[in-house]
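[1] could you look at this predicted model? Sequence included:
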Amino acid sequence: QVQLVEFGGGLVQAGGSLRLSCAASGRTFSTAAMGWFRQAPGKERAFVAAIRSSGDITDYTDSVKGRFTISRDNAKKTVYLQLNSLKPEDTAVYYCAGRGSYTSTSRAARDYVYWGQGTQVTVSS
């Protein structure tokens, strides 16, 4: 069983930055692709970014390319999401997710079996 705990959310002005962290427990972290999703009020949960288990391949939704960076440290069992040049439309609850034993990235929430509790990111204009 894997548990995921997110840290780093908060309130920031437009143009600012935040760094989200997701700490994992369990022995399968290094073999699992990881992803970040977000859910804004009244909207469905949406893909933000994903990273392959080895960390060499990443994927981003178009709206965050060039502004967000996903990375991971398998020794620390932690995945990160650096959020730069934040916009009010980035306001959402951000969720960390893990693909279990699958190493490749995916944009589909149904492909992720482990989820964190979420961390709120609020960007003021």
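    Ah, there it is.

[2] when you work out contacts or count neighbours from here on, use the C-alpha atoms and nothing else.
    OK.

[3] ok now do residue 119, which residues does it touch?
    Counting by CA atoms under 8 Å, 6 or more residues apart in numbering, residue 119 touches 6-10, 93-95.

[4] also residue 47?
    Counting by CA under 8 Å, 6+ apart, residue 47 has contacts 35-38, 60-61, 107-109.

[5] buried among those residues? Make that a ChimeraX selection.
    Listed next is the ChimeraX selection for buried residues among these, using 16 or more other CA atoms under 10 Å:
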select :35,36,37,38,60,107,109
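
[6] as a markdown table, the contacts of residue 119 with distance to residue 81 and secondary structure would be great.
    A markdown table is the format used below for the contacts of residue 119 (distance: CA to CA, whole Å; DSSP: H, G, I helix; E, B strand; the rest coil):
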| residue | distance to residue 81 | secondary structure |
| --- | --- | --- |
| 6 | 10 | strand |
| 7 | 10 | strand |
| 8 | 9 | coil |
| 9 | 11 | coil |
| 10 | 14 | strand |
| 93 | 13 | strand |
| 94 | 10 | strand |
| 95 | 11 | strand |
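
[7] among the residues you listed, name the buried ones.
    So, by 16+ other CA under 10 Å, the buried ones in the contacts of residue 119 are 6-7, 9, 93-95.

[8] tally of neighbours for residue 53?
    25 (other CA atoms under 10 Å).

[9] in what helix or strand does it lie?
    Using DSSP states H and E, residue 53 maps to neither a helix nor a strand.

[10] I'd assumed residue 106 was in contact with it.
    No - Residue 53 is beyond contact range of residue 106, at 11.6 Å (criterion: CA atoms under 8 Å).
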